[in-house]
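Asker: Let me see the structure of the following:
(2 chains)
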Amino acid sequence: MSQTRLRSWLAAVIWTLAGVGFFLTFFSGGGPEGLASDSMRHVAGAGAVAFGFLGYWLALWLTRQRQGRPPAVDERDLQVSARANQATLVVVLMVIFTFSISLWTVYESGGQVPVGWMWFLAYGSVILAFVTSSVTTLILDGRMGGHG
Amino acid sequence: MGEGVVRNQIRVLRFQHGEMTQQELAERAGCTRQTIGALEQGGYVPSLALAFRIARAFGAGVEDVFSFTPME
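Answerer: Take a look at the predicted model:
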């Protein structure tokens, strides 16, 4: 398995776990309502994201290029990454737009949005970006014959 | 852009060169084994630089390894 593919699998698993933890933290405690005054949920949610970053950093370190080994990444990997990043940008922008406009639609008449949704959007967009990037990398790598 | 199809003879040439493995060719050409596999499957079209490196790994010219068929 290539470095690109291995890293993408690891990233997909790590960030999916982080995402599940984040969602459970956010929604099990009542969603956006009361989040601002619930420091335990803040810490737990941020902890899920920290788990994602630490796990991802560890995965990058474990799969690093070793001295004396053939190149772990080449032009095809860079092309796959570039296309995956383009796709990720579009997906994240679309989700953020849809989510934001949905908040507007739901809370327009009241004139106030629970601030917890902003927290959810901030952390959630980070997790979404990593999950989308790793999954699209796996899909594109497979389409470009990289699963062999 | 889709102006044509690039094909290659990498698999044939590997076997003509003492059944060279994909890994051996990848190391000689400075790419990954997965890219050699992708090239053989027709899933990837290499850069000109990589095409030259692969051809040189076989001691051949680029047009002995790669061919281009324009779309009609």
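Asker: sec struct for the closest residue to chain B within chain A, please.
Answerer: Relative to chain B, the nearest point of chain A is A:G145 (2.8 Å; Cβ to the nearest Cβ). No exception for glycine: its C-beta is placed from N, CA and C like everyone else's. What DSSP: H, G, I helix; E, B strand; the rest coil gives for A:G145 is coil.
Asker: Please work out how many residues are found near the nearest residue to B:Q41 once chain neighbours are set aside.
Answerer: Leaving aside its sequence neighbours, B:Q41 sits nearest to A:G145 (Cβ to Cβ, 6 or more residues apart in numbering or on different chains; 4.3 Å). Neighbours of A:G145 under the rule other Cβ atoms under 10 Å in any protein chain shown: 19.
Asker: quick one: A:G145 and B:V45, what's the gap?
Answerer: In this structure, A:G145 and B:V45 are 11 Å apart, going by Cβ to Cβ, to the nearest Å.
Asker: How about A:S81?
Answerer: For A:S81 relative to B:V45 (Cβ to Cβ), the value is 17 Å.
Asker: by contact count, what packs against the longest helix anywhere in chain A?
Answerer: If you go by DSSP state H, chain A has its longest helix at helix A:75-107. Here helix A:75-107 touches helix A:3-28, helix A:116-143, helix B:33-41, going by 3 or more Cβ pairs under 8 Å, 6 or more residues apart in numbering or on different chains; DSSP states H and E.
Asker: Low-confidence bits of chain A, can you list those?
Answerer: A:146-148 (pLDDT under 70).
Asker: How about the residues of chain B by chain A?
Answerer: B:23, B:26-27, B:30-35, B:37-39, B:41-44, B:46-47, B:50 (Cβ under 8 Å from any Cβ of the partner chain).
Asker: backbone phi and psi for the nearest residue to B:G61 once chain neighbours are set aside, please?
Answerer: Take B:G61 and drop its neighbours on the chain: the residue closest to it by Cβ to Cβ, 6+ apart is B:A55, 5.8 Å away. The phi and psi values for B:A55, taken as degrees, to the nearest 10, are phi -60, psi -40.
Asker: tell me, how many neighbours does B:A55 end up with?
Answerer: Counted with other Cβ under 10 Å, B:A55 comes out at 20.
Asker: Quick check: it touching B:P46?
Answerer: No - assessed by Cβ atoms under 8 Å, B:A55 is found out of contact with B:P46, at 10.3 Å.
Asker: between those two, what contacts are shared?
Answerer: B:F66 (Cβ atoms under 8 Å, 6 or more residues apart in numbering or on different chains).
Asker: Might you enumerate the residues of chain A proximal to chain B?
Answerer: Contacts of chain A with chain B, taken as Cβ under 8 Å from any Cβ, map to A:2-3, A:5, A:70-77, A:143-148.
Asker: and the residue nearest to B:G61, what is it in contact with?
Answerer: Residues near B:A55 by Cβ under 8 Å, 6+ apart: B:G61, B:V62, B:D64, B:V65, B:F66.
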